[in-house]
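Peer 1: Quick one, structure for this:
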Amino acid sequence: MTSYSDIAVGDSLPALAIPLTRTLIVATAIASRDYQDVHHDPELARERGSKDIFMNILTTNGLVSRFVTDWAGPEATVRAIKIRLGAPNYPGDTMTLTGEVTGKDAGSVDIAVRGENGLGTHVKGTVSVLFTREVTA
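Peer 2: As a prediction, the model looks like this:
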């Protein structure tokens with residue numbers, strides 16, 4: 001858990017490596033009600049030009065949120081997530097999330113996040129969190 005008073009612009013978040021298993025990709029697509037075949041059927045994904053099934057954006061968004069909230073702790077609330085996808089997350093690879101604090105003001109902290117896999121950048125963007133209890137207490 002991170003204390004708001006201890007955060008400084010330029011701080012790095014601890015990296016989080018996420019093994020990209022076939023089960024993770026399929027289960028999270030189904031859990032987010034994304035039934036597009038490219039997220040669960042390898043043959044149909046290949047017919048559509050992909051080398052295999054790939055992770056959906058809803059899963060990536062959730063993993064980015066988890067990465068930041070694991071660092072920030074339960075006193076922080078995610079206010080905004082703005083991400084852009086790049087290289088697909090395929091089964092058998094690993095995505096490593098990294099982050100850096102880019103802003104801090106009145107209880108709000110902005111974090112630049114990046115997720116890299118074997119093909120390059122899968123996701124990059126920003127997450128804003130609010131530390132309400134520590135600031136108003």
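
Peer 1: Skip the chain neighbours and tell me the closest residue to residue 21.
Peer 2: residue 91 (6.2 Å; CB to CB, 6 or more residues apart in numbering). All C-beta atoms are positioned from the backbone trio N, CA, C, and that covers glycine.

Peer 1: In this structure that neighbour contacts residue 45, no?
Peer 2: No: judged on CB atoms under 8 Å, residue 91 makes no contact with residue 45 at a distance of 10.5 Å.

Peer 1: quick one, strands of this protein?
Peer 2: 12-20, 76-85, 93-105, 108-117, 120-131 (DSSP state E).

Peer 1: So what are the sheet partners of the shortest one and their directions?
Peer 2: Sheet partners assigned to strand 12-20 using DSSP bridges are listed as strand 93-105 (antiparallel).

Peer 1: Let's check: the centremost residue of this protein is which one?
Peer 2: residue 64 (1.8 Å; CA atoms, centre = their mean).

Peer 1: now the longest helix seen in the chain, how far from the centre of its chain.
Peer 2: Identified as the longest helix of the chain according to DSSP state H is helix 57-72. Between the centre of helix 57-72 and the centre of its chain there are 4 Å (CA atoms, centre = their mean, to the nearest Å).

Peer 1: what's the answer for stretch 30-42, then?
Peer 2: Centroid displacement of stretch 30-42 relative to its chain, using CA atoms, centre = their mean, is 18 Å.

Peer 1: Could I have the CA atoms of it written out in PDB?
Peer 2: These are the backbone C-alpha positions of stretch 30-42, laid out as PDB (Å, rounded to 0.1, in the frame of the first residue of the first chain):
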ATOM      1  CA  ILE A  30     -16.000 -14.600 -21.600                       C
ATOM      2  CA  ALA A  31     -16.100 -13.000 -18.200                       C
ATOM      3  CA  SER A  32     -16.400  -9.600 -19.900                       C
ATOM      4  CA  ARG A  33     -19.000 -10.900 -22.300                       C
ATOM      5  CA  ASP A  34     -16.800 -10.400 -25.300                       C
ATOM      6  CA  TYR A  35     -17.700 -13.500 -27.400                       C
ATOM      7  CA  GLN A  36     -15.800 -12.500 -30.500                       C
ATOM      8  CA  ASP A  37     -14.200 -15.600 -31.900                       C
ATOM      9  CA  VAL A  38     -10.800 -14.000 -32.200                       C
ATOM     10  CA  HIS A  39     -10.600 -14.200 -28.400                       C
ATOM     11  CA  HIS A  40     -11.300 -17.900 -28.000                       C
ATOM     12  CA  ASP A  41     -11.100 -19.800 -31.400                       C
ATOM     13  CA  PRO A  42      -7.500 -20.100 -32.700                       C
END
